[in-house]
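Participant: Below are the sequence and a predicted model for it; my questions follow.
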Amino acid sequence: MLRLTILFVLLYTLSNVVNAQETSDSGDTKSKSYATVAPPNSDSTLFAEIFDNNWKQKWVISAHPDFQGEWAVDEGSEPHRVHGDKGLIVNSIAKKHAISAKFNRILDNKDKEELTIQYELRLQKDLDCGGAYIKLLTASSLPSDLTEFNNEVPYTIMFGPDKCGSTNKVHFIIRHKNPVSGLYEEKHLKDAPSMKTDTTTHLYKLQIRKDNTFSIYIDNISVREGNLLEDFEPPFNPPSEIDDPEDQKPSDWVDEAKIPDTTAVKPDDWDEDAPATIVDESDVKPDEWLDDEPLTIPDPEVTKPDDWDDDLDGDWEAPMVPNPKCKEFGCGEWKPRSIPNPEYKGKWRPPLIDNPAYKGEWAPRKIHNPFYFVDEHPHNLEPIGAIGIELWTMKDGIFFDNILITHDSEESNEFIKETWVLKNADEQAYIDTEIASKKPSFSQQIQDTFELVMQYVSNPDNGLVVAGGVVFFLVILISLICLIPGGGRAKPPPKRDEEEKEKENEKESQGEKKIIKDNKKKKTKKETKEKKE
C-alpha cells in the first residue's frame, strides 16, 4: 500500500511540474510595436492615418440628416484587441454612416508612375449586409463644409469590400468624365474579386500605374490584375458609332425566317386522337399485393392529448401517415402500369419552310457617336481632394485602420511590414493557440490518468489487481518522466572551449607517448639483464 501511495504522489507531482513547464512555455510573446508606429510622411505621401489621439483634427463626422450612424476610435473588441492600436469603428447598426477627411494637398495623378491606396479592415462581427469601402472624393466637387458629406458627393475612386445577399466583391469603380459631353460615368471593374468575411484583420490594396495596368491585393497577395482600357464596364472609351435613336422598324418588315408550308397535307394514317400512353398488357399484379390495405393509416406514435375535450374540441383523430405495408408490397386497387404509346403522333402541323419574304433581323442604322472620344490615359484620374467613408450596414464593429495613399510603392511596402505583417502574425498565433488549447495538455493527460487510478483503487473489489497495477503505472511514470526536458536524464557536461579541448588532447597524447616509452625502456633493461644471466 505504501508503494501505491508513493505512486499517486509522484503522478500528482509530475502533473504539476509539467503544467508549470507548459505555462512557462505559453507566455505572451506578442509583438505590439505596430500599435505605436509613426505614419509615413514623405513628399510622396498624400494621406496617412493610424487613428491616434489626433484623429479628430482631420476627420469630420457627417451631420447630414440621412447619416445618423455613430463612429468611434477605439482598440476594438476581443479576441484581436491590442492595447494602444486604435482604429475607426462603425458604432451603430442598421444606419447610414459618413465621415471624411481632407488631404493636405490635391492628389493629381497625371503622369505619375504609380498610385497606391491601401487600408486594413477587420470585421469584428460577421457581416450580413453592408459595405466596408472607401471613396476618394473629387476635389472640384467637395462641399465647403464636410459635415454635409453624404452619398451624393462625387467621388473619383471607390475601392473596397461590399457584401449583401449574393453580392460579395471588392469594388473598384472610377468616375470618368467624358470631355465632349462633360458628363461623368461610373466605370466598374469586371470580375471583381471576393472579399474576406472572417473576423481577422485583412489588408486591401489597390495600385494604378502609368501604363494603365492595375493590381488589387488582399493580404499583400495579388488577387486581380488587368488594364483600365480592357477590364471595365462600360469601357472608358465609348464606341465611335451608336444606334440611331430616331430610326424605327418599318411596318412591312418581315423578320420571320420560317413559315408553315401551305401545300403540305396531313397523312391519311395520322391519328390525332391516339393517347400518349397505353396500358402495359404484360404487367402482372404481384402476389404480395395487399388489396384490402388502406394507403394511409392513423399515426400509431401520436396519442390523444391529455387536455383534449371531446365536447369542446370534437372527436379526436390521429393524423394520417402513409401505410408502411404499402411501401413494401403495394396496397389498394391494383392497376397495370402505363407505357408510352408507340403509335402516338399528337396533333398534326404542317412543316416549316424558308420564308421567301424574310429580310433578316431588323436593327437600327448606325450613326456617328456625337460624344465619341479616345482617352489613352485614364490612369490620370480626376484630381482628388479628400477621403470619405460612406456606408450602410446591418452590423456594427467594422474596424478601419492604417490608411495610406501614396505615390511611392516602397513606402507602401515598408508601412505594411511595420503594421499589417506584424498584426497578422499575432492574430494567426492566437488562432493557433486556440486550436492547440482545445487539445488536452500533457499535464492534463497525467492528471486524467491519476484520477482513473484513484477511481479504480477506491473500489475494494480490485484489490488483487492493485499490485500488478502499481508495477504497470511505475513503468508509465518512468516513461513520462523521461519525456520531460531534462527529466530522468543526467545533464550533459558543459561544453568546453575548443582551445582547452586541444590542449587536453595534446596532454593526453603526450602522456600516452611517455607511458609507451617508459614501458619500452623497462622491457629493454629486463631483456639485457636476462641475457647477462
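Facilitator: The structure has been received and is ready for your questions.
Participant: make it CA atoms for all contacts and neighbour counts henceforth
Facilitator: OK.
Participant: Give me the pLDDT for the nearest residue to Lys335 once chain neighbours are set aside.
Facilitator: In this structure, Lys335 finds its nearest non-sequential neighbour in Lys285, 7.8 Å apart by C-alpha to C-alpha, 6 or more residues apart in numbering. For Lys285, the pLDDT comes out at 91.
Participant: and Lys285, backbone torsions?
Facilitator: phi -70, psi 130 (degrees, to the nearest 10).
Participant: Contacts only, for the residue nearest to the spatial centre of the chain.
Facilitator: Here the mean C-alpha position of the chain is nearest to the C-alpha of Lys196 (C-alpha atoms, centre = their mean), at a distance of 4.3 Å. Each residue near Lys196 by C-alpha atoms under 8 Å, 6 or more residues apart in numbering is listed here: His202.
Participant: Distance of it relative to Ser282?
Facilitator: Computed as C-alpha to C-alpha, to the nearest Å, the Lys196 to Ser282 distance reads 62 Å.
Participant: what do you get for Ser166?
Facilitator: 53 Å.
Participant: Could you do Gly76 as well?
Facilitator: Distance, Gly76 to Ser282, by C-alpha to C-alpha: 76 Å.
Participant: Among these two, which residue is more densely surrounded?
Facilitator: Just comparing Gly76 and Ser282: by other C-alpha atoms under 10 Å the higher neighbour count belongs to Gly76, 21 against 7.
Participant: Tell me if I'm right that the more buried one and His83 touch.
Facilitator: No: with contact defined as C-alpha atoms under 8 Å, Gly76 does not reach His83; the gap is 9.5 Å.
Participant: which neighbours do these two share?
Facilitator: With the criterion set as C-alpha under 8 Å, 6+ apart, the contacts of Gly76 and His83 do not overlap.
Participant: buried residues in the lengthiest strand in the chain?
Facilitator: As assigned by DSSP state E, the longest strand anywhere in the chain is strand 95-107. In terms of neighbour count (16 or more other C-alpha atoms under 10 Å), strand 95-107 has its buried residues at 95-103, 107.
Participant: Can you tell me the strand partners of that strand and which way each runs?
Facilitator: According to DSSP bridges, strand 95-107 forms sheet pairs with strand 59-61 (antiparallel), strand 384-393 (antiparallel).
Participant: Quick check: mean pLDDT of the longest one?
Facilitator: In this model, strand 384-393 has a mean pLDDT of 95.
Participant: starting at the chain centroid, how far to the helix or strand just after that strand?
Facilitator: Heading C-terminal from strand 384-393, the first helix or strand you meet, by DSSP states H and E, is strand 398-406. When C-alpha coordinates are averaged (C-alpha atoms, centre = their mean, to the nearest Å), strand 398-406 and its chain have centres 20 Å apart.
Participant: how far off strand 95-107 does strand 398-406 point, in degrees?
Facilitator: 10 degrees (axes from the mean of the first three to the mean of the last three C-alpha atoms, to 10 degrees).
Participant: Direction included, what does strand 398-406 pair up with?
Facilitator: strand 45-49 (antiparallel), strand 87-90 (antiparallel), strand 114-123 (antiparallel).
Participant: where does Cys326 land in three-state SS?
Facilitator: Following DSSP: H, G, I helix; E, B strand; the rest coil, Cys326 is assigned to helix.
Participant: So which residues of the stretch 301-450 of the chain form strands?
Facilitator: 320-322, 338-340, 352-354, 366-368, 384-393, 398-406 (DSSP state E, counting those that start in this stretch).
Participant: Let me know the pLDDT of Pro460.
Facilitator: pLDDT, read off for Pro460, is 59.
Participant: Report the beta-bridge partner residues of Thr213.
Facilitator: Assigned bridge partners for Thr213, using DSSP bridges, are Asn227.
Participant: Glu410 versus that one, what's the distance?
Facilitator: From Thr213 over to Glu410 (counting by C-alpha to C-alpha), the distance is 18 Å.
Participant: the more surrounded of the two?
Facilitator: Thr213 (17 against 10).
Participant: Any idea how far stretch 154-169 is from the middle of the chain?
Facilitator: For stretch 154-169, the separation from the chain centroid amounts to 17 Å (computed by C-alpha atoms, centre = their mean).
Participant: Now that stretch - C-alpha only, CSV.
Facilitator: Backbone C-alpha positions of stretch 154-169 (Å, rounded to 0.1, in the frame of the first residue of the first chain) are rendered in CSV as follows:
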residue,chain,number,x,y,z
PRO,A,154,-19.0,62.9,-56.2
TYR,A,155,-16.0,60.6,-55.9
THR,A,156,-13.2,59.7,-58.3
ILE,A,157,-12.4,56.2,-57.0
MET,A,158,-14.4,53.8,-54.9
PHE,A,159,-12.4,50.9,-53.6
GLY,A,160,-13.1,48.1,-51.0
PRO,A,161,-15.4,45.3,-49.9
ASP,A,162,-19.2,45.1,-50.2
LYS,A,163,-21.4,42.2,-49.1
CYS,A,164,-25.1,41.7,-49.2
GLY,A,165,-27.2,38.8,-50.3
SER,A,166,-25.5,37.2,-53.4
THR,A,167,-23.1,40.2,-53.7
ASN,A,168,-19.6,39.6,-52.4
LYS,A,169,-17.0,41.6,-54.1
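Participant: Kind regards, and thank you for your time.
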